[in-house]
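>>> Test case, fold it:
(2 chains)
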Number of protein chains: 2
Amino acid sequence: MKIATFSNTRTAVAAEKGLNAALTTSFMSGSIMGLTVVSLGLGALSALLLIFQNDSIGGVAALTGFGMGASTVSIFARVAGGIFTKAADVGADLVGKVEEDFPEDDVRNPATIADNVGDNVGDVAGMGADLFSSFVGSIVASSVLGFKDYGYAGIALPFWISMAGIVAAVIGMLTIRTKEGATQGELLNVLRRGMFVSAIIELGFMAVIIRVLDLDWSLYFCLMIGLAAGISITFWSEYFTSSAYAPTRRIANSGVFGPANVIIAGLSVGSSSTIGPVLIIASTLIAVRALSESAFGIALASTGLLSILGITLATDAYGPVADNAGGIAEMAHMPPHVRQNTDALDALGNTTAAVGKGFAVGSAVLTAVSLLTTYTVRVGINTTLDPINSKYFIPGVLVGAMLPYAFAAATMGAVAAAAGSVVIEVRRQLKEIDGLREGREGVNADHARCVSMVTGAALYMMIPPALLVILSPLILGIGLGPDMLAGTLLGAISSGFVLGGMMNSAGGAWDNAKKMNEKDGQKGSFKHKSTVVGDTVGDPFKDTSGPAINILIKLMSYISVVLVPVFRHQEDYWWASLIIIGVVVLATPLYLQMCPEGLKDEDRIAIFTKKEEPVSGVYAKVEQQEQPEYVVAEAEAAPKETSLSQV
Amino acid sequence: MKIATFSNTRTAVAAEKGLNAALTTSFMSGSIMGLTVVSLGLGALSALLLIFQNDSIGGVAALTGFGMGASTVSIFARVAGGIFTKAADVGADLVGKVEEDFPEDDVRNPATIADNVGDNVGDVAGMGADLFSSFVGSIVASSVLGFKDYGYAGIALPFWISMAGIVAAVIGMLTIRTKEGATQGELLNVLRRGMFVSAIIELGFMAVIIRVLDLDWSLYFCLMIGLAAGISITFWSEYFTSSAYAPTRRIANSGVFGPANVIIAGLSVGSSSTIGPVLIIASTLIAVRALSESAFGIALASTGLLSILGITLATDAYGPVADNAGGIAEMAHMPPHVRQNTDALDALGNTTAAVGKGFAVGSAVLTAVSLLTTYTVRVGINTTLDPINSKYFIPGVLVGAMLPYAFAAATMGAVAAAAGSVVIEVRRQLKEIDGLREGREGVNADHARCVSMVTGAALYMMIPPALLVILSPLILGIGLGPDMLAGTLLGAISSGFVLGGMMNSAGGAWDNAKKMNEKDGQKGSFKHKSTVVGDTVGDPFKDTSGPAINILIKLMSYISVVLVPVFRHQEDYWWASLIIIGVVVLATPLYLQMCPEGLKDEDRIAIFTKKEEPVSGVYAKVEQQEQPEYVVAEAEAAPKETSLSQV
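The predicted structure is shown next:
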């Protein structure tokens, strides 16, 4: 986040020189994030392996514990970060764009800084933490299962592959450059070329490693299939979210029938978009099982998919930098060609963000399936689990399939409640601070209060979904035993995969449908306004609930693997658990009656802003940094009608 | 449907006399439907049993074949019916209410008759066919599994229970009467009383039957738990969809922040609403498994749940009769107190419809789980299926979880495309038919053309979802074997349960949130208009895609049970199926590029109205009957501003 916030001003300055300078500056900033994630993950795991090299039981515990820790922290970054970013974004837009007709990123809007901070919190920190836990998870699962099948060579394989992946990613990154005035298609090809270069080099490394470790060539094909699956999913995601193809165009055109049709069309497109990734991952699982004859193949496929994470993450992480650079250009009134260059990169970032999300979901599912297998092996039910005659397995799958919905409900409700509070605060400031709306010299909005409120809301509202993820496997595993938990994990993985995929694609498609209508000069028309509704619904879909479901399925799997000793009991307290289930059923309406979404606005705001002073630490610093003084002085001169997001 | 269309005029006339007369008339009409469904189902199954009494293999084939037939026909009624009803409704509202400011059911709107016909097609025929297949399915599964465990007594049990249920339902129906001027709460209590009377009598019958057949009392508790689960789910559904409670009120209030917040709040409420039914059904499955020690308990629980279907279906089926009676009162300009009485019954019908959908989902899941168990027993994998080490089971669950989404995408897309065509046709008629908009004497809208177009659209657009349901188990079962199919069924049941439940509740809650804002005198305000968007999105949710998912999970299970001999192969063509999967992945975007939703409006309309004359048969007759001549003559006198749906 620090690098990203440093780089956004630099990208804005570089954009004065030209498109290539801006691309390389922002992409290098993203690369730091990509390489940091893989290096930290690999370094820490290697250190643990070194410490526990003579203690295989302790080693497994240490590796899985590390993974669980990584996954737990990613709840904070992905869930709280997701709530933060979208509460600020939706709140800022609802007043700024709809009520006041401010341009995007206008400094008079008290929620603008919170919105810009949110881009970093959600897209940089959230994405990084999410894929860090996938990356660690795939290596942990491969080494635990690999040791079982191939001894030390089985442990070495995922580590060496990932290390080679870092080298391949760096080589790929060096190919990223573009000519001035490049079109979107050309820019996208630049990034694709980088990814393909890395993938091909990595495939070469993989062959060498398999040869050196003297392992089966079938394992090579498992790695290759994983990598190919990841790349196929990104193409599929692009088809469903890019305005170059039929699905998004259909959403954009359905705007003539009003917002309801846009929503229906978007949900329909989002639901169709799950067909490809599910079939790709399912056939990957079948193929690697057939090739490796064991669960090790699945873990290897996920290692293969994540082996070039350094560059895929860089492709994703540069987006918010370019987006914020545009915001800075707007606030600092830099020349128009600066904003044109940053807007070109920002639009590209929207496509790569959707693509990156597809990659994240695919990796989360493969990682979670390997962890599920690891769990059944460790708990000792991998050969005895009888899905049909077990009392618990099928009910477990049903309950598991429900958990992503409960989780999505909590996160969407959180965004709605927090955004509502932001709207009230922004309206209050515009009313009470004299001269703010007109942008009078020396009059500043109280940006800090918005940042503080959104921070409070995000931290407060992440508690219920976090508890859901952490407590569900504990209660079900301890109360109803390992069969129930296996079913729950499987249900959560399968249902979360499709629900998350649907939300990511629908959100991306709505966003691009709106942009398409703006580009066609429809801005302000009924058709365009209808797609704005879709985009606003899509915001929590694609940046809060959808990606957070990755965390749900991975963290639940980790908890199950780590706490295996607790679940290994044989007694059957089924009646006691029915009582717990009954209590949950009765308590849910009670909770819904009393939760923050149900409170009165003033009560909710009081909870979110318990501290009246701005929060200390990173957010407050970011906030100061992004608001240089000379901006406000010039704000008066800003033409009120121009909206650069039209470009 | 015939009784329902005869009864709606009679209910309108009875409503002139009073509320009680209208209630009993419409409820008796619903009772005919309820009793017909259970009697036909039980009668036909008994006849089959009589014919095949000495041929147990042929008997099982005949019973499951009958169930599969019932389920296949219900695709037509639920899917095509659902597309019909909502295409007409959304199309009529988009022009009539939004563009032209016509009151609801105004005869000048060319899509009004199609809308009224749709209520019968979707809510009467669709609901009846859906629960007919559940009812038959529960008896078939119980008798197949019961014969295995308890011989002929095991077959007799579900038949006797269901027969006793008819008697109990009739007794409950006789208690349905109300006083004049009853409130909504009192009316709801009248229906609840009827259901409780039936349930208590049925519990008594069950005890007698268990005693006479000399079976374990544990089976009695299985039946009782099933019945209790059904009733608990109805209470839970009521909480989430009635405007008396927090969730719906929150949606209504979120209207002040605009339509996007209404959609987010509704999806959040819909997702929360899945918690209860899933936990109730999961604990039911655990408890009956613990009590009966075999899959027979699950089938019995679903028989218990459906035993008083006669009265629950009557409660549901009277709704569209009251709704249409209101439409007739409006079109025939009957005195205002008539419309007040029918509106009271119609509002009650909205609540009972949501409740009935909860009941339908619960029964579909229990039926499908018993069919899944029957399938594994018949295909011979009930003891050998190894979910973790099987190549196919986990991929099967993933693919299964995706199918409800693909199905929902197809049905939602169908409604959007068909409604768009209706909008264009209605606009055309209002423009081209001179004097129609003003309601000039002797000028009629071409209602027949709208009915014909919606019929054509529904029949044409039901093909892709129907093929999906029928071909998926065939391709997966034949290509990848019985493990894959078992996984697919389990994935589809679990994911369909939550997706369908979410759609039903969100749709019902949006509808009631809109009604609540209308009652509070907010009609026409920004807050109200925002909730209208929610209601329009909710229409295909609650009346097309949501309920149709019941059919998906039941029909797939039936096909698997019936075609067991085809799936029992041992050879492993996994690579061939990967090719098929690859083809599907590549063909989906191609299909989306070319499907009717993607066509130009005129081309799509040409497909839907291949025959230029109105369709013959039941629709055309209904259409003539509901449009008595004296109505149009009076239409000119209609005050343009009054909208009775405000009441």
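>>> So for chain A, the centremost residue is which one?
A:P547 (4.0 Å; C-alpha atoms, centre = their mean).
>>> Touching, that one and A:D130? I think so.
Yes: between A:P547 and A:D130 there is a contact at 6.3 Å, judged by C-beta atoms under 8 Å. The way it works is simple: take the backbone N, C-alpha and C, and place the C-beta from them, glycine included.
>>> can you list residues touching both of these two?
A:78, A:360 (C-beta atoms under 8 Å, 6 or more residues apart in numbering or on different chains).
>>> re the thing from before, residues touching the residue nearest to the centre of chain A, list them.
Neighbours of A:P547 in contact, by C-beta under 8 Å, 6+ apart: A:78, A:82, A:126-127, A:130, A:357, A:360, A:500, A:504.
>>> Could you find the closest non-adjacent residue to A:I83?
Closest residue to A:I83 apart from its sequence neighbours, by C-beta to C-beta, 6 or more residues apart in numbering or on different chains: A:A458 at 4.2 Å.
>>> Tell me which helix or strand comes right after the helix or strand in which the one you found is found.
Assessed by DSSP states H and E, A:A458 sits inside helix A:447-461. Proceeding N to C from helix A:447-461, the next assigned helix or strand is helix A:463-519, under DSSP H and E.
>>> chain center to stretch A:197-217, what's the gap?
Distance of stretch A:197-217 from its chain centroid, counting by C-alpha atoms, centre = their mean, to the nearest Å, is 30 Å.
>>> List, one by one, the residues from the stretch 451-600 of chain A near chain B.
With C-beta under 8 Å from any C-beta of the partner chain as the criterion, the stretch 451-600 of chain A meets chain B at residues A:480, A:486, A:490-491, A:493-495, A:497-498, A:502, A:533-534, A:536-537, A:540, A:574-575, A:577-578, A:581-582, A:584-585, A:588-589, A:592-593, A:597-598.
>>> and those, which are buried?
A:480, A:486, A:490-491, A:493-495, A:497-498, A:502, A:533-534, A:536-537, A:540, A:574, A:577-578, A:581, A:585, A:588-589, A:592, A:597-598 (16 or more other C-beta atoms under 10 Å in any protein chain shown).
>>> and the helix or strand that contains A:V197, average pLDDT?
Secondary structure from DSSP H and E places A:V197 in helix A:184-213. For helix A:184-213, mean pLDDT is 91.
>>> Which other helices and strands does that helix contact?
Other elements packing on helix A:184-213 under the criterion 3 or more C-beta pairs under 8 Å, 6 or more residues apart in numbering or on different chains; DSSP states H and E are helix A:152-174, helix A:217-241, helix A:309-331, helix A:336-379.
>>> most tightly surrounded among these?
helix A:309-331 (a mean of 29; mean count of other C-beta atoms under 10 Å in any protein chain shown).
>>> export it as PDB, just CAs?
Coordinates of each C-alpha in helix A:309-331 appear next as PDB, following Å, rounded to 0.1, in the frame of the first residue of the first chain:
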ATOM      1  CA  LEU A 309       1.700 -15.200  -9.600                       C
ATOM      2  CA  GLY A 310       4.400 -12.500  -9.600                       C
ATOM      3  CA  ILE A 311       3.300 -11.100 -12.900                       C
ATOM      4  CA  THR A 312      -0.400 -11.800 -12.800                       C
ATOM      5  CA  LEU A 313      -0.600  -9.900  -9.500                       C
ATOM      6  CA  ALA A 314       1.500  -7.100 -10.900                       C
ATOM      7  CA  THR A 315      -1.000  -6.800 -13.800                       C
ATOM      8  CA  ASP A 316      -3.800  -6.500 -11.300                       C
ATOM      9  CA  ALA A 317      -2.100  -4.200  -8.700                       C
ATOM     10  CA  TYR A 318      -1.100  -1.500 -11.100                       C
ATOM     11  CA  GLY A 319      -4.800  -0.700 -11.800                       C
ATOM     12  CA  PRO A 320      -5.500   1.200  -8.500                       C
ATOM     13  CA  VAL A 321      -2.300   3.100  -9.000                       C
ATOM     14  CA  ALA A 322      -3.400   4.300 -12.400                       C
ATOM     15  CA  ASP A 323      -6.900   5.000 -11.000                       C
ATOM     16  CA  ASN A 324      -5.500   7.100  -8.200                       C
ATOM     17  CA  ALA A 325      -3.100   8.900 -10.500                       C
ATOM     18  CA  GLY A 326      -6.100  10.000 -12.500                       C
ATOM     19  CA  GLY A 327      -7.700  11.300  -9.300                       C
ATOM     20  CA  ILE A 328      -4.600  13.200  -8.500                       C
ATOM     21  CA  ALA A 329      -4.500  14.700 -12.000                       C
ATOM     22  CA  GLU A 330      -8.100  15.800 -11.500                       C
ATOM     23  CA  MET A 331      -7.600  17.300  -8.100                       C
END
